[in-house]
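# The sequence and its predicted three-dimensional model are supplied below.
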Amino acid sequence: MVMTDLQFTRTEAQRLSDAEREAILRDPGFGNHFTDHMISIVWTKDAGWHDAEVLPYGPIPMDPASSVLHYGQEIFEGLKAYRRPDGSVVTFRPDANARRLNDSARRLALPEIPEELFVAAIDALVSADAAWVPSGEDQSLYLRPFLIADESFLGVRAAERARFLIIASPAGPYFTGGVQPVSIWLSDEHSRAGRGGTGAAKCGGNYAASLLPQQVAAENGCQQVLFTDSATDDTIDELGGMNLFLVRSDGTLVTPRLNGNILDGITRRSLIQLARDRGHAVEEREVTVSEWREGVEQGTITEAFACGTAAVITPIRSLKGVGLDIDFGDRAPGRLTMSLREELTGIQFGAGEDRHGWLHVVVPATEGATR
């Protein structure tokens, strides 16, 4: 089948009344509520991608012998749809999410999904549930595409049947009461990834492995956990679900290079471009905890932040660990940190110019204004 010929069948559904939906959108939180529809596309080794559907949101049938339940053969993505002041609804760099999903698929021996089909699936769901895209300040519709192996087979091999699904959840501001700097905990017992592992893939196992260290971080009064390279215990990889940047006193941004252990964050990539547009040097290289500590002590490192789809940019106040306390004090959040955050969110929500063509229009202004 030619991929552009794959059409979505759509079953209309409205689980909640308009009034109930509007009540949710006033204060959606994050990941607590779900829209009326979801996407499902089936893949089999013999037939490829087929049965593309926009379905009512709800439980999916699954055989207890499905491969994903036993061997964790699954991957996922995360992106957002935004309602702009003119009423239009856009997504941010969905093509980049499609490419990253396929990078993960290759590592987990799952089928790659054509980029145009991925974007069409996102468009189909956002169009069906455009009424769920909130218009409040810093609000968006979070989209969760995921690909699971659902062949009923207990042998240890790549599954020959898989299913691609997308669900959506309205999201409020990540920071209630304004952006606040966080403290992060340096994990000295656990590693997120190792050389040749799945660190660069966006798969559930990486996140599951970070949950225990995250609990340890919380027990020590920290909001996030930072992982280092398992071979050195000093070279920084990333946080549990975010990339890391340090800012030097001369305005240079420093971030760990993509070494196969960390995720190629789309927010990370976007911030690097915006910083370079301004004339800032950006160094993608090995970064160590020792460099961070010494830089703060000497005044050569003045800011630190983490970045990802959910929070965009999270300023870092301190890095703590066993025998470690690196604290920016009242200097956090830093000026460049907040300036970059404002620029990126401005592009996403329509207050800034989209110079790089990152926005993909799903619902045009005239149509969006009537919903």
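Perfect, I can see it now. Numbers count the residues shown, from 1 in each chain.
# what about Ser270, which SS state?
helix (DSSP: H, G, I helix; E, B strand; the rest coil).
# hang on, isn't it packed against Thr345?
No - counting by Cβ atoms under 8 Å, Ser270 stays clear of Thr345, with 10.9 Å between them. Quick note: C-beta positions are derived from backbone N, CA and C, even for glycine.
# which stretches of this structure aren't confidently modelled?
Residues of the chain meeting the criterion pLDDT under 70: 1-5, 367-371.
# Domain parsing of it, as residue ranges.
9-171, 182-332 (the TED database).
# can you list the ones you listed in JSON lines and add distance to Gly350?
Formatted as JSON lines, those follow (distance: least, Cβ to Cβ, whole Å):
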{"stretch": "domain 9-171", "distance to Gly350": "3"}
{"stretch": "domain 182-332", "distance to Gly350": "15"}
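# between those, which one is nearest to Val361?
Val361 lies closest, by Cβ to Cβ, to one member of the domains of the chain: domain 9-171, at 5.4 Å.
# Leu79: neighbouring residues, count only.
Neighbourhood size, Leu79 [other Cβ atoms under 10 Å]: 23.
# again but with Val363, I slipped
Val363 has 22 nearby residues by other Cβ under 10 Å.
# related to what we said a few turns ago, identify whichever of the domains of the chain lies nearest to Phe349.
Of all these, domain 9-171 comes closest under Cβ to Cβ, at 5.5 Å.
# still on that earlier bit, figure out which of the domains of the chain is closest to His360.
Once Cβ to Cβ is applied to the domains of the chain, the stretch that comes out nearest is domain 9-171, at 4.9 Å.
# Endpoints of that closest one, how far apart?
One end of domain 9-171 to the other measures 27 Å (Cα to Cα, to the nearest Å).
# Need the three-state assignment for Thr366.
Thr366 ends up helix, using three-state DSSP.
# And what about the residue nearest to it when sequence neighbours are not counted, helix, strand or coil?
Excluding its sequence neighbours, the residue lying closest to Thr366 (Cβ to Cβ, 6 or more residues apart in numbering) is Gly87, at 7.7 Å. Classification of Gly87 by three-state DSSP places it in coil.
# ok, how many other residues are close to Gly87?
17.
# Please verify my assumption that it contacts Val133.
No - between Gly87 and Val133 there is no contact under Cβ under 8 Å: 10.1 Å.
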